[in-house]
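Visitor: Return atomic coordinates for the entry below.
(one chain, ligands or ions: 2)
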Amino acid sequence: MIEMNNVSVRYPGAKHDALSDIDLTFEKGDFICILGKSGAGKSTFIRCINGLQELTQGEVKLDGKQISNMSEEQLRQVRLEMGMVFQHFNLIPRMSVIQNVLTGIFGYRSNVKNLLGLFSADELEQAKRVISEVGLSDMMDRRVERLSGGQKQRVGIARAIVQRPRILLGDEPVASLDPGTSNHIFTLLKEMHQRLGLLTIINVHDIGLAKRYATRLLALKDGKLIFDGNPEEFTESYYEETYESPDNLLT
Ligand SMILES: Nc1ncnc2c1ncn2[C@@H]1O[C@H](COP(=O)(O)OP(=O)(O)OP(=O)(O)O)[C@@H](O)[C@H]1O
Ligand SMILES: [Mg+2]
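Guide: Ligands and ions are numbered 1, 2, ... in the order given. Prediction:
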């Protein structure tokens, strides 16, 4: 489904690659968690997949088609197939739950229609169904600014799902939430993943969550892939390697 061949990214002026020689393939059904300390390259990695990142070397392919060479229009189509969930939710605070979720459908629509805010009965039904799936049926019309963090992320997930993606990407979607809420959100992500038969790729700081939910774990260190395998194979020594700071290495 997704293929990364020899992918490297070096930001302008940087001395080292932010991502270095990544060779990976991902298939439908994989629930992937990416671990790595701050600066390891996790966000850069996610951006390579959704086509937001210019590569220094290599290629990323979706179903055999190279994302890195696509036109803006082609990229727009590709991104429609990828739902995205963010750490800070990226919702519109003054708009209601259902209005925020409907923005997930924008990708399908002409701009004029978007501006007028006209949605078909079908689209409204679809948004309502997804909102109830994330457990917020009784808050459809509430402004998002009046929700808790966990509820906001449910809206974020509903917005990603309503666009009917094949791939779900998350850049630290629970980093701003408490452990219990994080667990609920991961349960929901996993449910969506299984029911819709998605490919899910999520960056996460919490190794406990990653081990509990992932079918496959990746660990990045200084832009390099240092682990790719089953969660149970991610032993203490991999943990130490992943999170060890360069300062510790010197002492
Ligand atoms: N736009 C940018 N311009 C220059 N350097 C960047 C840019 N974005 C990231 N970097 C650098 O690339 C490296 C990887 O960054 P990235 O944001 O991918 O890490 P991360 O694993 O997501 O970190 P965090 O856990 O803090 O979010 C870091 O050294 C970072 O400073
Ligand atoms: Mg990041």
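Visitor: Stretch 40-60 near ligand 2 anywhere?
Guide: Yes: Stretch 40-60 reaches ligand 2 (CB under 5 Å from the ion) through 42-43. C-betas here are computed from N, CA, C, even on glycine.
Visitor: Flag every residue of the chain that's near ligand 1.
Guide: Within the chain, the positions near ligand 1 by CB under 6 Å from any ligand atom are 11, 14, 18, 36, 38-44.
Visitor: again, 5 Å this time
Guide: Proximity of the chain to ligand 1 (CB under 5 Å from any ligand atom) is limited to residues 11, 18, 38-44.
Visitor: how about these in TSV, adding pLDDT and secondary structure?
Guide: Below are these laid out as TSV (pLDDT from 0 to 100; DSSP: H, G, I helix; E, B strand; the rest coil):
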residue	pLDDT	secondary structure
Tyr11	96	coil
Ala18	97	coil
Ser38	93	coil
Gly39	94	coil
Ala40	96	coil
Gly41	96	coil
Lys42	96	helix
Ser43	96	helix
Thr44	97	helix
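Visitor: how about the helix or strand containing Glu73: buried residues?
Guide: For Glu73, the host element (DSSP states H and E) is helix 72-80. Buried residues in helix 72-80, counting neighbours by 16 or more other CB atoms under 10 Å, are found at 75, 78-80.
Visitor: for that helix, the distance to its chain's centre please.
Guide: Here helix 72-80 shows a centroid-to-chain-centroid distance of 16 Å under the convention CA atoms, centre = their mean, to the nearest Å.
Visitor: Next secondary structure after it?
Guide: Following helix 72-80 in sequence, per DSSP H and E, is strand 82-86.
Visitor: what mean pLDDT does that next one have?
Guide: Across strand 82-86, the average pLDDT comes to 94.
Visitor: so where's the stretch 51-200 of the chain uncertain?
Guide: Applying pLDDT under 70 to the stretch 51-200 of the chain picks out residues 107-117.
Visitor: sorry, back to before: would you mind writing the CA trace of the helix holding Glu73 as PDB?
Guide: C-alpha atoms of helix 72-80 as PDB (Å, rounded to 0.1, in the frame of the first residue of the first chain):
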ATOM      1  CA  GLU A  72      -1.000  19.700  -6.200                       C
ATOM      2  CA  GLU A  73      -4.300  18.300  -7.600                       C
ATOM      3  CA  GLN A  74      -3.000  14.700  -7.400                       C
ATOM      4  CA  LEU A  75      -1.800  15.300  -3.900                       C
ATOM      5  CA  ARG A  76      -5.100  16.700  -2.800                       C
ATOM      6  CA  GLN A  77      -6.700  13.400  -4.000                       C
ATOM      7  CA  VAL A  78      -4.100  11.400  -2.100                       C
ATOM      8  CA  ARG A  79      -4.700  13.400   1.100                       C
ATOM      9  CA  LEU A  80      -8.400  12.600   0.900                       C
END
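Visitor: Now do the end-to-end distance for stretch 123-142.
Guide: 19 Å (CA to CA, to the nearest Å).
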